[in-house]
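Undergrad: give me the fold of what follows.
(one chain, ligands or ions: 1)
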Amino acid sequence: MSTLERRARERDKDENTITVVGAGPSGLACANVLARSGRRVVVREWHAEVGSRFHGDFQGLENWSSEEDVLDGLRAAGIDPNFDHVPISEGAVFDAEGKEHRVRSNRPLYYLVRRGNGSGTIDRALLTQAMAAGADVRFSDRVGTVVGRSVLAGGPRAADAIAVGYVFETDMADGDWLVLDNWLAPLGYAYLLIHGGQGTVASCMFSGFKQQEQHVQRTLSFFRDKVGLAMRNPRRFGGFANFRLPRAAVQGGHPVVGEQAGFQDALAGFGLRYALHSGVLAARSIIDGADYEGLWRRQLGPSLRIGITNRFLFNAVGPIGWKVAIRSLSTGDAGQTLRRFYSPSLVNRLLFPIAQLRYRRVLRDPSCDHRDCGCVWCEHGRDAATVPDCGPGSGRGSQSRGGVSWKSSI
Ligand SMILES: Cc1cc2nc3c(=O)[nH]c(=O)nc-3n(C[C@H](O)[C@H](O)[C@H](O)COP(=O)(O)OP(=O)(O)OC[C@H]3O[C@@H](n4cnc5c(N)ncnc54)[C@H](O)[C@@H]3O)c2cc1C
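TA: Sure thing, here's the model as predicted:
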């Protein structure tokens, strides 16, 4: 370690410095709010650039689950949604028999955003804002042990769902298509998103990971047949997602945010909004001296529980139930129907205790040997003040400290 690096580390131990581990949306949102409040913030990012888990692929910033528009929520938190975003209010959903249903909403169902390091991506915009606010962002800086006041924003720890497909260029017209069919995406969905000559096509699987290649090939041929999918310069991409209702999202006294805490809509596998929101909550808890546990439980807990119950129902009703759901979405305002589906209800309350059984158990994270471990899922080290080497980079198939290849688990 050079003298400069050693001095920087010493400064980081300073009581007034807050270290954010991970420069994903959750970490950067947190850093942004903290830095704007005048705190000294150091963001330590494992990889050499922002958004390295992503590849210029389109994602949806969810806007269907609440009355408040997600972009207004960001503005209210002081985050400028100055990344490229396209409001999507309609699209097509195919059922398992290949029948197309149009869905429409009076307000955007989601905002199409791009992920990765490129200009206009949400990742780059959040990075630029955090740095402009004064955050010191350090790349290629993998954290083994946290020192001093920290926020843990390291992303997913296990794969509850995976998405695999291609990003590409195309002459196709803009559009968005979704398919609910186990043949293409077991217990998940296949999707095709086209905008401005760029496209993303993928199978998002909640099961059957080992047959991922078959699902991707079936997804491609489905979209070729149904909508004339034509890809130029296709580049493969893939990733994994993790969702839990954590028993605690404070680890060794440090708030845990975003997907590292398991914050994600368990039905759709949408975690961006939760990542941003939880990052802001963690920052506020530090600035105002408020209890982060209480904040996330009040503000995120209800919708996380509904997501888990919705996932349980989705798995239970199967393709026939999905067909009924698609029909109800395609008649009337799809946004309103979805908001009802995401509102607290008696059914939800009654089913939650059963639904959560699946998402409560301690995760078996093959990248971690659970010895002296601080994993938020892991009973052993809930109060540990260290973050050991059990990071999500193993999701790329690398060898972890425990010597277990991530890939071997799926
Ligand atoms: C293929 C795919 C498609 C998706 N589509 C959608 C979608 O359409 N809509 C949606 O809402 N969500 C979607 N998601 C989920 C969404 O991408 C995540 O929920 C979101 O990125 C979580 O943000 P985060 O900040 O918690 O974690 P991440 O974005 O994973 O960021 C964590 C960061 O921490 C860094 N890090 C980890 N460990 C360390 C360490 N020890 N030291 C330093 N740095 C570390 C990582 O390198 C990474 O940069 C998708 C996910 C995938 C994989």
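Undergrad: near the ligand, which residues of the stretch 51-200 of the chain?
TA: Residues of the stretch 51-200 of the chain found near the ligand (C-beta under 6 Å from any ligand atom) are 53, 59-60, 62, 142-143, 153-155, 163. Bear in mind the C-beta positions are built from the backbone N, C-alpha and C, glycine included.
Undergrad: again but with the stretch 251-400 of the chain, I slipped
TA: 258-260, 264, 270-273, 275, 391-392.
Undergrad: only the buried residues of stretch 213-223, if you could.
TA: 215-216, 218-220, 222-223 (16 or more other C-beta atoms under 10 Å).
Undergrad: between those residues, which is nearest residue 354?
TA: residue 215 (28.2 Å; C-beta to C-beta).
Undergrad: for the stretch 251-400 of the chain, which segments count as strands?
TA: Secondary structure of the stretch 251-400 of the chain (DSSP state E, counting those that start in this stretch): strands at 254-255.
Undergrad: pick the one among the residues of the stretch 51-200 of the chain next to the ligand closest to the ligand.
TA: residue 155 (2.4 Å; C-beta to the nearest ligand atom).
Undergrad: circling back: now for the residues of the stretch 251-400 of the chain next to the ligand: which two are most distant?
TA: Maximum distance among those (C-beta to C-beta): 23.4 Å, for 273 and 391.
Undergrad: which element is residue 223 on?
TA: If you go by DSSP states H and E, residue 223 is part of helix 212-227.
Undergrad: re the thing from before, of the residues of the stretch 251-400 of the chain next to the ligand - the most surrounded one?
TA: Highest neighbour count within those: residue 258, with 33 neighbours (other C-beta atoms under 10 Å).
Undergrad: from what I can see that residue touches residue 28, true?
TA: No - using C-beta atoms under 8 Å, residue 258 makes no contact with residue 28, being 10.0 Å away.
Undergrad: what touches both of the two?
TA: Contact criterion C-beta atoms under 8 Å, 6 or more residues apart in numbering; residues shared by residue 258 and residue 28: residue 279.
Undergrad: could you chop the chain up by domain?
TA: 3-86+115-158+243-361, 161-240 (automatic domain parsing).
Undergrad: and the first one, what's its mean pLDDT?
TA: What that stands for is domain 3-86+115-158+243-361. Throughout domain 3-86+115-158+243-361, pLDDT has a mean value of 92.
Undergrad: what about it, distance to the chain center?
TA: 7 Å (C-alpha atoms, centre = their mean, to the nearest Å).
Undergrad: do the same with the last one
TA: Mean C-alpha position of domain 161-240 versus that of the full chain (C-alpha atoms, centre = their mean) differs by 18 Å.
Undergrad: first-to-last residue distance for that domain?
TA: End-to-end distance of domain 161-240 (C-alpha to C-alpha, to the nearest Å): 6 Å.
Undergrad: residue contacts, the residue sitting nearest the centre point of the chain?
TA: For the chain, the residue nearest the mean C-alpha position is residue 271 (2.9 Å; C-alpha atoms, centre = their mean). Neighbouring residues of residue 271 by C-beta under 8 Å, 6+ apart: 241, 243, 258-259, 263-265.
Undergrad: show me the two of those that sit farthest apart.
TA: It's 258 and 265 that sit farthest apart of those, by C-beta to C-beta, at 12.9 Å.
Undergrad: quickly list what's touching both of those two.
TA: Joint contacts of residue 258 and residue 265 (C-beta under 8 Å, 6+ apart) are 271, 274.
Undergrad: tell me the average confidence for stretch 216-228?
TA: Stretch 216-228 comes out at a mean pLDDT of 98.
Undergrad: report the contact partners of residue 164.
TA: 202-203, 205, 212, 215-216, 236-238.
Undergrad: which among the residues you listed count as buried?
TA: By 16+ other C-beta under 10 Å, the contacts of residue 164 give 202-203, 205, 212, 215-216, 237-238 as buried.
Undergrad: which of those residues lies closest to residue 87?
TA: residue 202 (21.3 Å).
Undergrad: from memory the closest one sits against residue 184, does it?
TA: No - using C-beta under 8 Å, residue 202 is not in contact with residue 184; the gap is 10.2 Å.
Undergrad: thinking again about what came up before, got CSV for the contacts of residue 164, with distance to the ligand too?
TA: Converted to CSV, the contacts of residue 164 look like this (distance: C-beta to the nearest ligand atom, whole Å):
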residue, distance to the ligand
202, 7
203, 10
205, 11
212, 12
215, 14
216, 12
236, 11
237, 7
238, 6
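Undergrad: and those residues, which two are the farthest apart?
TA: Longest span within the contacts of residue 164, C-beta to C-beta: 205 and 236, 15.4 Å.
Undergrad: which elements pack onto the longest helix seen in the chain?
TA: The longest helix of the chain (DSSP state H) is helix 301-330. On a contact count with 3 or more C-beta pairs under 8 Å, 6 or more residues apart in numbering; DSSP states H and E, helix 301-330 meets strand 90-94, strand 100-104, helix 334-341, helix 346-355, helix 357-360.
Undergrad: return every residue with contacts to both of residue 202 and residue 184.
TA: 190, 219.
Undergrad: can you give me the helices in the stretch 151-300 of the chain?
TA: With DSSP state H, counting those that start in this stretch as the criterion, the stretch 151-300 of the chain has helices at 212-227, 272-288, 292-299.
Undergrad: do I have it right that residue 175 meets residue 92?
TA: Yes - applying C-beta under 8 Å, one finds residue 175 in contact with residue 92, separated by 7.3 Å.
Undergrad: excluding chain neighbours, give the residue nearest to residue 39 in space.
TA: residue 18 (5.6 Å; C-beta to C-beta, 6 or more residues apart in numbering).
Undergrad: now what about the host helix or strand of the one you found, what contacts it?
TA: Assigned by DSSP H and E, residue 18 falls within strand 17-21. With contact meaning C-beta under 8 Å, 6+ apart, strand 17-21 is reached by 11-12, 27-28, 30-31, 34, 39-44, 135, 143, 146-154, 286, 387.
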